[in-house]
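Have a look at this fold, sequence not included:
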């Protein structure tokens, strides 16, 4: 909910103020809110914030299957609630921050696929390797989100099905909505496979398979 309230809200604020934030300001907003939420909630719930992240961890056998549906439901409900709050407060400005492609759909799919791949590669690295310095995860993940968001003019730089779903529901804008589910999930699944292949789990400490894992490591 907070990711969409602040992130999509920054898109709406930029439209209302005639571009006062700009693309850099919007990207910084997404980076800051993700960093803050991972810092605040990483030790509580893992701070997934993203159905594609949850599914990718499950595919690595690092998140229990029984926890996937409630996590995805919570992510989608929170994002929709945040978007409806924005709609009630500001109206349908900028389509409530909905993500729509501004390039051909095939290109948009590739952009979201690559961004999502990069994001989960970073998440997997900071979450599964005990050699990662403590407290690095929020900045690594938030920074990657912000980096991709700088290219938001192409597709909205969603990388997150829930983040796209909420504003789509609130604004009724479902243009090429399917790609904001398929591309992030496919990209993160691919990154999960690559990271498992690159990393020698026999040589370095790792979280146990099947354990609940968040973006900062095992969930207590």
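Now that the structure is in, tell me what you want to look at. Predicted model, so just to flag it, every value in this text is computed and none were measured.

From here on, just use CA atoms for contacts and neighbour counts.
Noted.

which residues sit in contact with the residue nearest the centre of the chain?
Nearest to the geometric centre of the chain sits residue 160, at 4.2 Å (CA atoms, centre = their mean). The contact partners of residue 160, by CA atoms under 8 Å, 6 or more residues apart in numbering, come to 50-52, 180-181, 184.

how close does it sit to residue 187?
11 Å (CA to CA, to the nearest Å).

circling back: can you put the contacts of residue 160 in CSV and add secondary structure?
Putting the contacts of residue 160 into CSV (DSSP: H, G, I helix; E, B strand; the rest coil) gives the following:
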residue, secondary structure
50, coil
51, helix
52, helix
180, helix
181, helix
184, helix
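
Figure out how far stretch 100-119 is from the centre of its chain.
Here stretch 100-119 shows a centroid-to-chain-centroid distance of 14 Å under the convention CA atoms, centre = their mean, to the nearest Å.

all helices of this structure, in order?
For the chain, helices defined by DSSP state H occupy the ranges 2-16, 22-45, 51-59, 68-90, 105-128, 137-149, 152-155, 161-171, 179-198.

what mean pLDDT does stretch 119-133 have?
Regarding stretch 119-133, the rounded mean pLDDT is 86.

With stretch 17-33 instead?
96.

related to what we said a few turns ago, looking at the contacts of residue 160, which is nearest residue 104?
Within the contacts of residue 160, the smallest distance to residue 104 is 13.9 Å, found for residue 180 (CA to CA).

Check the burial of the closest one by counting its neighbours.
29 (other CA atoms under 10 Å).

Which residue comes closest to it once chain neighbours are left out?
residue 161 (5.4 Å; CA to CA, 6 or more residues apart in numbering).

From residue 13, how far off is that neighbour?
Per CA to CA, residue 161 is found 22 Å from residue 13.

Next: residue 146.
Taking CA to CA, one finds residue 146 at 17 Å from residue 13.

the more surrounded of the two?
residue 146 (25 against 21).

list the contacts for the more buried one?
27-31.

neighbour-wise, which of those residues leads?
residue 30 (27 neighbours).

where are the low-confidence patches of this protein?
Residue ranges of the chain with pLDDT under 70: 200-211, 213-214, 216-220.

switch the cut-off to 80
Filtered on pLDDT under 80, the chain yields the residue ranges 128-134, 199-220.

excluding its backbone neighbours, what's nearest residue 118?
residue 191 (7.3 Å).

Now for the one you found: which residues touch it?
117-118, 120-121.

same thing with residue 84?
166-167, 170.

Save these as CSV, and put in neighbour count and distance to residue 128 too.
Listed next are the contacts of residue 84 as CSV, based on neighbours: other CA atoms under 10 Å; distance: CA to CA, whole Å:
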residue, neighbour count, distance to residue 128
166, 28, 29
167, 30, 32
170, 24, 36
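
Show me which of the contacts of residue 160 is closest to residue 101.
residue 180 (9.7 Å).

Tell me how many other residues surround the residue nearest to residue 117 when sequence neighbours are not counted.
Nearest non-adjacent residue to residue 117, counting by CA to CA, 6+ apart: residue 187, 4.4 Å away. Number of residues near residue 187 (other CA under 10 Å) recorded here: 26.

Is residue 187 in contact with residue 113, as I believe?
Yes. In this structure, residue 187 is within contact of residue 113 by CA atoms under 8 Å, at 4.6 Å.

Having no further points to raise, I will conclude here.
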